[in-house]
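Student: 3D model of this:
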Amino acid sequence: MKYIHDKIFMGKNLDFNIFDGLGYTTEENGLMHNHDCLELNYVVHGGGIYHIGNKTYEIETGDLFIINNCEYHAAIDPYNALVLKVIVFNPEIVWSYNNVLDQQYLKTFFECKDSFKHHIKHNEPMVDTIKSLFYQIQEEWENQKVGYRLVIKALLLEILAILYRAYESIDSSSQQVIKFQNNFNKIAKVINYIDNNFQNKLSLDELAKLAHMNPNYFSTYFKKVMNVSVVSYIKKKRLENACLLLRTTKTCISDIATSVGFSNISYFNKAFRQNIHFSPSEYREEIVKTK
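Tutor: Alright, predicted model coming up:
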């Protein structure tokens, strides 16, 4: 199978999506992919096998699967009958970097011990509850009544809390998460600085000083912790804010590019298409159509 880094479409007002997914019919035409968001799957019906990281699981109707943003994965269904209810979301809608309690919601996704399983079988007591929450979330997402984002976040947090409790009861220790938190804390000041100053010119030397590291070590350390380079993270923040301005203002595209930190309009257009899969003008037109 081929390995790719996938781009997942998120909602325009919330870094979240829920949709139906299918499996690949054979190993040969399958794609092992990962993406920047976290993922939960509920198996609506069908079966097959699920490759997640270096582990393989049998799929049965009613099963749940938990996949983090680093793990390559692919569901194989030789009978072409598999339907997955897929939830994807950006960790930032759940976790602010300085809130230890919020971190516990995401602990399940970063438990990487040998004993960890991404798979919760359909006969586990929690599955019926989580299934119900999946469908409540889907109803909110499709109808988008007043306050739907608050309701979706609350329902998602309930799912994550149930998973946290279940996995903690299996294994109360999680050195991997503790290690991640400790590593992240060393660059938390830099992350916060980038998030608030992405529109300005940012140098590697400047950011490394904030972390009290030399530039080469900081660059390597940042990518190890965040699973993305410093340059890519800054570009991501700039493009996110460009999308926001394209959705919510009538400001001309060249001015938007400048305001979010791109000094070259050609590079802005190229980066936008590579990451969003639309040109800025096409993106704005698509948003207008959906309103």
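
Student: for this protein, which spans come out with low pLDDT?
Tutor: The model of the chain has pLDDT under 70 over residues 96-101, 111-115, 169-178, 287-291.

Student: how about the spatially most central residue of it, what does it touch?
Tutor: Of all residues in the chain, the one closest to the mean position by Cα atoms, centre = their mean is Cys37, 1.0 Å from it. Cys37 makes contact with 8, 10, 15, 69, 88-91, according to Cβ atoms under 8 Å, 6 or more residues apart in numbering. Bear in mind the C-beta positions are built from the backbone N, C-alpha and C, glycine included.

Student: a strand runs through Ser232, doesn't it?
Tutor: No - secondary structure of Ser232 (DSSP: H, G, I helix; E, B strand; the rest coil): helix, not part of a strand.

Student: ok, and what's touching the helix or strand harbouring Asn216?
Tutor: Using DSSP states H and E, Asn216 falls within helix 215-226. Contacts with helix 215-226, where a contact means Cβ under 8 Å, 6+ apart, come from 180, 183-184, 186-187, 190-191, 204-205, 207-208, 211, 213, 229-230, 233.

Student: next up, the contacts around the nearest residue to the residue nearest to the centre of the chain once chain neighbours are set aside.
Tutor: Distance criterion Cβ to Cβ, 6 or more residues apart in numbering; nearest residue to Cys37, sequence neighbours excluded, is Val88 at 4.4 Å. Val88 makes contact with 8, 10, 16-18, 35, 37-39, according to Cβ under 8 Å, 6+ apart.

Student: Val88: which element?
Tutor: strand 83-89.

Student: so what strands line up beside that strand?
Tutor: Looking at strand 83-89 with DSSP bridges, its partner strands are strand 16-22 (antiparallel), strand 38-45 (antiparallel).

Student: give me the buried positions along the first one.
Tutor: So the one you mean is strand 16-22. Neighbour-count burial for strand 16-22, counted by 16 or more other Cβ atoms under 10 Å, picks out 16, 18.

Student: cool, the last one as well?
Tutor: Applying a neighbour-count criterion of 16+ other Cβ under 10 Å, one finds 38-44 buried in strand 38-45.

Student: dump it to CSV, keeping only the CA atoms.
Tutor: Provided in CSV are the C-alpha atoms of strand 38-45 (Å, rounded to 0.1, in the frame of the first residue of the first chain):
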residue,chain,number,x,y,z
LEU,A,38,-7.7,13.2,15.5
GLU,A,39,-10.2,10.5,14.4
LEU,A,40,-12.9,8.4,15.9
ASN,A,41,-14.7,5.6,13.9
TYR,A,42,-18.0,3.8,14.7
VAL,A,43,-18.6,0.8,12.4
VAL,A,44,-22.2,1.2,11.1
HIS,A,45,-22.1,-2.2,9.3
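
Student: just checking, next helix/strand downstream of that strand?
Tutor: strand 48-52.

Student: got it, and the shortest one?
Tutor: Where DSSP H and E defines the elements, the next helix or strand beyond strand 16-22 is strand 31-34.
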